[in-house]
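**Q** predicted model and sequence follow; I will ask about them next.
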Amino acid sequence: MASLSGLCSSSPSLKPKHDRVVIPLFHKYSLAFPTRSNSCSKLSVAGEVSADLSKTNSVGVLKKAKQGGLEKDPKALWRRYVDWLYQHKELGLYLDVSRIGFSDEFVAEMEPRFQAAFKAMEDLEKGAIANPDEGRMVGHYWLRNAKLAPKPILQVQIEKTLDAVCKFADDVISGKIKPPSYPEGRFTQILSVGIGGSALGPQFVAEALAPDNPPLKIRFIDNTDPGGIDHQVAQLGPELASTLVIVISKSGGTPETRNGLLEVQKAFREAGLDFSKQGVAITQENSLLDNTARIEGWVARFPMFDWVGGRTSEMSAGIDIREMLVGASMMDNATRSRVLKDNPAALLALCWYWACDGVGSKDMVILPYKDSLLLFSRYLQQLVMESLGKEFDLDGNRVNQGISVYGNKGSTDQHAPDATFRVLSIYSYIQQLREGVHNFFVTFIEVLRDRPPGHDWELEPGVTCGDYLFGMLQGTRSALYANDRESVTVTVQEVTPRSVGALVALYERAVGLYASLVNINAYHQPGVEAGKKAAGEVLALQKRVLAVLNEASCKEPVEPLTLEEVAERCHAPEDIEMIYKIIEHMAANDRALIAEGDCGSPNSLKVFLGECNLDELYA
Ligand SMILES: O=P(O)(O)OC[C@H]1O[C@H](O)[C@H](O)[C@@H](O)[C@@H]1O
């Protein structure tokens, strides 16, 4: 878990864990239940460049090239390994793509597409409207090198915000900013409230980089599940009084986050605490959340920028953010290379294209062999799937693109933070990966340093615990390859803020380049907006159902209604199934709703409210 101490100091790269707080800063803007244009007009330079090239489909070449099968001769394989091995010396990061079977012919075929993708990326970094549907620039690369920002004002905003966050964190650590009910004490807990990009990055980084015994522990509310929220609040217990609540929402109107905030505020009221003295808002200026925090006088407010998407907002303040930014910036420099072999993000994009036939025909399985990187796959799931999973390309053609991402950690499932992970054993994964349906390629994440220097010991002659982990990774990689299962291996020396920053930057760039290769907008999420809109419609229907039932229940005698009658009176006969689900859910939650009949035979149901609300009826 993350903590607040020493936030902005630069840390030696060998220090294994860092006392830092996660305060995500720069997020994408999205509205609660907004309607967004689904149009796929070709506005960007990125679109124009790649659109023509996308017409030359490489799938034919792919099929031909794939007929040869994977290289199995050990000598030839070693040559391929050495020939293609990418190394970033300063970062100590390696990328091995030798176990992806692309041919020279394929690489040559892809070369012009990559040049177009590099050009599009260059334009994006210079401030082109690279997210045409939303008419937005895409500026997450500027966060790690403010000088790249296309306008001086943006540069100032980036630098000022980073300084402000660092100062705030220092003040919390030093006790200068303290909880009001603990005048002598300090904040001991952080409760982070946010969802999607406003939760996954901080969760991943907190898990990867937090020290063993942090002075401030961090926990998350990232859903609108009342049970989950109650659990977090209950675990805080009396420490609620020394909890800093960080509410993160770029749009400032995301319903799940709003609900989390309301629930936490209620818990504060019930404990006799003043929430405003312990609340921090991280959101776009003048959003609903920003205005609430300002009016209520919360402890602090930090801005997010319109031009950074939630899923690319990982370069957030906290966890020695400056070191993470250095790692990301170094990776950004490397991934600007226009030479495919020298550009690790381009190599990844090449592998993805090859493995997935450029149409997402295979899934990306992420297997980090390091407990602290467990959440990397979940983080990448959002980054890759929200960016690449698109119905239309930039020319408006229906393409239904995407790559499915899932993962676990090697080599066991122990010490996982939640039940989802506990039930999934890597061994069950490997059984299917090696022998089952061949619908994936693997990415191994290898960390060379097992323990901090001086802490290792041999549990068998010549063998350490970490040697076992290493053996498991290498063995699994070989066993998969022997059965024609392709893999990529990313190797880092150790898990540090710098290497985590580099990994995030590597994947952000790979996603951007791949999107250009397949000619899609990686920076919007119309599908998510559609889901949010539909959720809003369900809640609106629920209100109508309640009004109809209230009216019938205020009659003398009370008039129980069948589902068909409710649907008719709501003027929504086509929504009868949804009305049934709404009633079923309310009935299960003691909502003064009485359903007579058998819920398993919906047509037998007659529904009315246990109490009639005359005020509402005549409102
Ligand atoms: O930060 P917020 O505006 O609250 O948005 C939170 C999340 O909402 C949706 O799920 C979007 O698709 C994500 O990209 C975003 O990160």
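**A** That came through fine.
**Q** for residue 552, list the residues it contacts.
**A** By Cβ atoms under 8 Å, 6 or more residues apart in numbering, the contact list for residue 552 reads 558-561, 569, 608. All C-beta atoms are positioned from the backbone trio N, CA, C, and that covers glycine.
**Q** which of those ranks first by neighbour count?
**A** residue 561 (22 neighbours; other Cβ atoms under 10 Å).
**Q** circling back to that earlier point, so which of the contacts of residue 552 reach the ligand?
**A** Among the contacts of residue 552, proximity to the ligand is found for none (Cβ under 6 Å from any ligand atom).
**Q** wait, residue 101 sits on residue 354?
**A** Yes - between residue 101 and residue 354 there is a contact under Cβ atoms under 8 Å: 7.1 Å.
**Q** among the two, which residue is more densely surrounded?
**A** More crowded of residue 101 and residue 354, by other Cβ under 10 Å: residue 354, with 24 against 21.
**Q** what is the helix or strand the more buried one falls within packed up against?
**A** Here residue 354 sits within helix 344-355, counting by DSSP states H and E. If contacts are counted by 3 or more Cβ pairs under 8 Å, 6 or more residues apart in numbering; DSSP states H and E, helix 344-355 sits against strand 86-88, strand 93-96, helix 104-125, helix 497-517.
**Q** outside of that helix, which residues touch it?
**A** By Cβ under 8 Å, 6+ apart, helix 344-355 touches 58, 62, 84, 86, 88, 93, 95, 97, 100-102, 106-107, 110, 114, 117-118, 331, 334-335, 337, 340-341, 362, 364, 403, 441, 486, 488, 506-507, 509-510, 512-514, 517-518.
**Q** which among those residues end up buried?
**A** Listed as buried from these are 58, 62, 84, 86, 88, 93, 95, 97, 100-102, 106-107, 110, 114, 117-118, 331, 334-335, 340, 362, 364, 403, 441, 486, 488, 506-507, 509-510, 512-514, 517-518; burial here means 16 or more other Cβ atoms under 10 Å.
**Q** how close does residue 174 sit to residue 221?
**A** From residue 174 across to residue 221, the span is 27 Å (Cβ to Cβ, to the nearest Å).
**Q** of the two, who's got more company?
**A** Between residue 174 and residue 221, counted using other Cβ under 10 Å, the more crowded position is residue 221 (26 against 12).
**Q** strands of the stretch 501-619 of the chain, residue ranges please.
**A** Along the stretch 501-619 of the chain, the stretches classed as strands by DSSP state E, counting those that start in this stretch are 593-596, 606-609.
**Q** got the residues of the stretch 351-500 of the chain near the ligand?
**A** Residues of the stretch 351-500 of the chain lying close to the ligand by Cβ under 6 Å from any ligand atom are residue 386.
**Q** apply 8 Å and report the result again.
**A** Proximity of the stretch 351-500 of the chain to the ligand (Cβ under 8 Å from any ligand atom) is limited to residues 382, 386.
**Q** burial of the closest residue to the ligand within the stretch 351-500 of the chain, as a residue count?
**A** In the stretch 351-500 of the chain, the residue that lies nearest the ligand is residue 386 (5.8 Å; Cβ to the nearest ligand atom). When neighbours are counted by other Cβ under 10 Å, residue 386 registers 24.
**Q** what sits up against the strand or helix carrying it?
**A** Using DSSP H and E, residue 386 falls within helix 376-388. With contacts defined as Cβ under 8 Å, 6+ apart, helix 376-388 is touched by 196-197, 200-201, 203-204, 208, 311-312, 314, 360, 364, 366-368, 401-408, 445, 503-504, 507-508, 511-512, 514-515, 518, 520, 522-523, 525, 528.
**Q** how far off centre is it?
**A** Averaging C-alpha positions (Cα atoms, centre = their mean, to the nearest Å) puts helix 376-388 6 Å from its chain's average.
**Q** the helix or strand that it is followed by - which strands sit beside it in the sheet, and in what orientation?
**A** Following helix 376-388 in sequence order, the next helix or strand is strand 405-407 (DSSP H and E). Strands that pair with strand 405-407, judged by DSSP bridges, come out as strand 363-368 (parallel).
**Q** quick check: buried residues in the partner strand?
**A** By 16+ other Cβ under 10 Å, the buried positions in strand 363-368 come out as 363-368.
**Q** and the closest residue to the ligand within the stretch 401-550 of the chain, what pLDDT?
**A** Closest contact between the stretch 401-550 of the chain and the ligand, by Cβ to the nearest ligand atom, is at residue 528 (3.6 Å). Per-residue confidence (pLDDT) for residue 528: 87.
**Q** just give the nearest non-adjacent residue to it, would you?
**A** Nearest residue to residue 528 in three dimensions, chain neighbours excluded: residue 386, at 6.8 Å (Cβ to Cβ, 6 or more residues apart in numbering).
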